[in-house]
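S.K.: Got a sequence here, can you model it:
(2 chains, ligands or ions: 1)
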Amino acid sequence: MVLVDIRETKSVKASDIFLQIRPGKDFEVITILRALVKEQPVDESQVQETGLTLEQLQDFVDRMKKAKFGVFFFGMGLSMTRGKHMNSAALLTLAAELNAFTKFVAMPMRGHGNVTGADVIMRWQTGYPFAIQFGRGYPRYNPGEFSTVDLLVRGDVDAALILGADPGATMPQPAIDHLARIPTICLDPKVTHTSRLSRVHITTAATGISAPGTGYRMDEVPLPLRPALKSPYPTDEQVVRRIHEAVLKKPDWLQQGNRMALNQV
Amino acid sequence: MLRITGGKVYDPLHGIDGQIRDICIHDGKVVDSVDGGRTIDASGMVVFPGGVDVHTHVAGGSINFARAMTPEDHRRTVAFIRSQTTRSGLGGMAPTTFATGYLYAGMGWTTVNEAAVPILSAKHTHEELRDVPIVDKSCCVLMANNEILLDLLEQGEMERARHLVAWQIWAAKAYGVKAVNPGGVAAWKWGNDAKQMAETVPGYTSLTPAKIVTGLAQIIDELGLPHPIHLHCNNLGAPGNISTTLETMKSLDGRRAHMAHLQYHSYGGDDWSTMRSEAPAMAEYFNQQKNLTCDAGAVLFGDTVTITADGPWQHLLYKLTGRKWGNLDVENETGCGIVPYTYRPSNLVNAVQWAVGLELLLLIDDPWRIFLTTDHPNGACFWRYPEIIQLLMCRDFRQECVTQLSEKARERVHLPDIDREYSRFEIAIITSAGPAKALGMPNKGHLGAGADADVVVYDEDEDIARMFGHPRYVIKGGEIVIEEGDIRATPEGREFLVQPSFDREIEDFLRPLFEETYTMSFENYPVEMHRIERPEISECIDVST
Ligand SMILES: [Zn+2]
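M.R.: Numbers count the residues shown, from 1 in each chain, chains lettered A, B, ... in the order given. Next up, the predicted model:
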């Protein structure tokens, strides 16, 4: 196992080789690796900037090519730092190109909870994984514009329904402040940062412990969740269904007949 | 209750070829007569049984991966706006689930067979199928690269293999069995492929693709599945692959099989520059093999995204196009690759592919044995079927399209010499009656008493693509779902399953193997019945040869 990071983490012990690179140099390292895979010349001064030596990088490339089956696991250190999605794209390209020599794949490490499940279902229902805007009656996608955090920071949100997450603990202060300002409803088995700032907190049964459901694994394989305990509280699903039924009783504001937008704007 | 009166009816199963007939519907079924209820005056209109898609990819891990890979296409495609009857969604190369139901029904198709489901992620596929409204559904489980099964086939343990196959079908809550590039996908996990029918699959000592194909076909016949082995041959897409395909058909030795997307398996030539159509040779052989059915897997020019469990082929396509490439390996079972692709008339290979699909449809003489598909989204998106119907029904239009091809391409194909034009009766066979029969669904694809009341009413129109693209009425299970271009109702579809019998002892064999090699517990592996929306278990049949 080769570990690439900007600092020594607990994973170093488990790895055979640790490559410590300079912060913000992920894209450069990956691009040099791509060049070396294709046996292209690389500029010594650019290698130096990464904090690694040419020997280290060449050795890494040789190992990858010799592997029978290689996997890149990557996480937010790559996708949320300088270069963001460009870093991920470069790594995916490197994995694709390595397949000219051996079997290689790349797989993102996901956050807590059922992030993958949410991502998978949003994709089949709307085509997009997150940052989806239904304001025009059909799904639109633009991370940075329609992501939850951006909408909250800009104060574009009038009300919030939060389940399976605790943004009050992780989001930047302006976003948290806005959540506290607007009617926020939180579904959670326990008291969280978000539940404390919510106008309404509905206690629900914990999925997988006292409520059934499906969790999607990091590789998108679904696993059934079987409750071991009984809960006096309703499940998230039951609560959302009841809210939905109540909303349906309101006068319908939706158009009659169907419309299609032939040209999205 | 509903009566459709005065229309020209095309019901090939009952030999009705445009005669004026009344269709009466009660309780979701076609009946001999009804008293009262609504009447649709279909005078001057054309009445078909609802379309049946024998091979498409609309739900599950691979198409959902394709959706993730193509946000730029979602932006430029048609969008469904939320209304009182419909959910929002997007059309395009890989439509979202709700939109998939609306698009199929909007075109008059009422039954679809999702052709490739890994057992490991079958729960995902069924969850997506639940979200495809209106149409009835079935699916085929992927098997020819399942390592536990391959080991049994290599050891010649046919009896145990049969119990395993039956157990796996029920575990996946599937309707049929799909074999993709037998042995090749398993080999791909080690960066290899299996190209020759008689060559040992990498990683095995005596197992060949031919042995996998015949073993599985045999087992499926013994189990009496209503749909025979659904076969995606080895060597897909490669120049000269007709020899592999013919060899596969010969190895079947009279056993039943459905050959998926035959277009991709009917090429001559030695390399990309000499690739040519071998559709006439394929059709000539196929015409004699009454045990076989096939679907066209036709190609249309334009943008699409290709997805298949054929991992090695997708890697090759990625190398050829230099575009995006996604690859999924599904543990010990199968895998899949995803590559966005544009078919161009100016491209020699694409031109040959386009011609081969149409040539097979025109040269295979029995419409009951070749069906209209594009292997959606691989050859083209399913919502382009009306364009293919036009190409089949109108020789002049076809010849006009041929002129788009380069002179070099025209020398490699046979389309310019083919004069056949499909009749409406034949179109009703290849889009409905034929695929329903091949799937073994006795209540689909016809309008006789007892049939599911899935009916399409078209306005007669000189513009064939417009006529078949915009039915006036679509009735699904007796309910009017499309009327005057509007989606009126979005009932849930049913899902067809089979439950072949197996010995429970197979679980004792499977459990230890499973716990050793899989990453989930054995109890979590099968799809639970409650996940299936409106399941309908079809009877197994007696297949004696
Ligand atoms: Zn297919």
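
S.K.: what does the domain assignment say about chain A?
M.R.: Listed domain ranges for chain A are A:2-108, A:115-264 (source: automatic domain parsing).

S.K.: Please dump those into a markdown table; it should also carry distance to chain B, mean pLDDT and mean neighbour count for every row.
M.R.: All C-beta atoms are positioned from the backbone trio N, CA, C, and that covers glycine. Converted to a markdown table, the domains of chain A look like this (distance: least, C-beta to the nearest C-beta, whole Å; pLDDT from 0 to 100; neighbours: other C-beta atoms under 10 Å in any protein chain shown):
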| stretch | distance to chain B | mean pLDDT | mean neighbour count |
| --- | --- | --- | --- |
| domain A:2-108 | 4 | 88 | 16 |
| domain A:115-264 | 4 | 90 | 16 |
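
S.K.: Now these in CSV, please, with extra columns for distance to B:Leu262.
M.R.: Shown next, in CSV, are the domains of chain A (distance: least, C-beta to C-beta, whole Å):
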stretch, distance to B:Leu262
domain A:2-108, 29
domain A:115-264, 29
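
S.K.: Minimum distance to the ion: which of those has it?
M.R.: For the ion, the closest of the domains of chain A is domain A:115-264, at 18.2 Å, according to C-beta to the ion.

S.K.: that older thread, TSV please, covering the domains of chain A and showing distance to the ion.
M.R.: TSV is the format used below for the domains of chain A (distance: least, C-beta to the ion, whole Å):
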stretch	distance to the ion
domain A:2-108	22
domain A:115-264	18
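
S.K.: can you give me the helices in the stretch 251-400 of chain B?
M.R.: With DSSP state H, counting those that start in this stretch, the ranges of helices along the stretch 251-400 of chain B come out as B:279-288, B:311-321, B:348-363, B:385-393, B:395-402.

S.K.: Could you single out the most deeply buried of the ones you listed?
M.R.: Compared across those, helix B:348-363 shows the largest average neighbour count, a mean of 25 (mean count of other C-beta atoms under 10 Å in any protein chain shown).

S.K.: and it, what does it pack onto?
M.R.: Applying 3 or more C-beta pairs under 8 Å, 6 or more residues apart in numbering or on different chains; DSSP states H and E, one finds that helix B:348-363 contacts strand B:276-277, helix B:279-288, strand B:334-343, helix B:385-393, helix B:407-411.

S.K.: Can you classify the closest residue to B:Arg531 other than its chain neighbours by secondary structure?
M.R.: Counting by C-beta to C-beta, 6 or more residues apart in numbering or on different chains, B:His126 is the residue found nearest to B:Arg531 once chain neighbours are left out, at 5.1 Å. At B:His126, secondary structure determined by DSSP: H, G, I helix; E, B strand; the rest coil is helix.

S.K.: From B:His446, how far off is B:His126?
M.R.: 28 Å (C-beta to C-beta, to the nearest Å).

S.K.: returning to that earlier point: so which of the helices of the stretch 251-400 of chain B gets nearest A:Leu229?
M.R.: helix B:311-321 (42.2 Å; C-beta to C-beta).

S.K.: just to revisit the earlier point, so who does the residue nearest to B:Arg531 touch?
M.R.: Contacts of B:His126 were listed using C-beta atoms under 8 Å, 6 or more residues apart in numbering or on different chains, and they are B:139, B:173, B:495, B:527, B:531-533.

S.K.: Can you pull up the most central residue in chain A?
M.R.: A:Arg110 (5.9 Å; C-alpha atoms, centre = their mean).

S.K.: and that residue, what does it touch?
M.R.: The contact partners of A:Arg110, by C-beta under 8 Å, 6+ apart, come to A:116, A:218.

S.K.: same deal with the one 3 residues further on?
M.R.: With contact set as C-beta under 8 Å, 6+ apart, A:Gly113 has these partners: A:164-165.

S.K.: SS state for it?
M.R.: coil.

S.K.: Ok, A:Phe18 next?
M.R.: strand.

S.K.: Across the sheet, point out what pairs with it.
M.R.: Judged by DSSP bridges, the bridge partners of A:Phe18 are A:Leu3.

S.K.: With B:Lys137 instead?
M.R.: Bridge pairing for B:Lys137 - DSSP bridges - gives B:Val112, B:Glu495.

S.K.: For it, which residues are in contact?
M.R.: B:59, B:111-114, B:129, B:493-496.

S.K.: How about the residues of the stretch 351-500 of chain B by the ion?
M.R.: B:Asp375 (C-beta under 5 Å from the ion).

S.K.: Name the residues of the stretch 351-500 of chain B found near chain A, please.
M.R.: Proximity of the stretch 351-500 of chain B to chain A, by C-beta under 8 Å from any C-beta of the partner chain, involves residues B:486-487.

S.K.: what's the burial count for the residue of the stretch 351-500 of chain B found nearest chain A?
M.R.: Closest to chain A within the stretch 351-500 of chain B is B:Ile487: 4.9 Å, counting by C-beta to the nearest C-beta. Applying other C-beta atoms under 10 Å in any protein chain shown, we find 22 other residues in the vicinity of B:Ile487.
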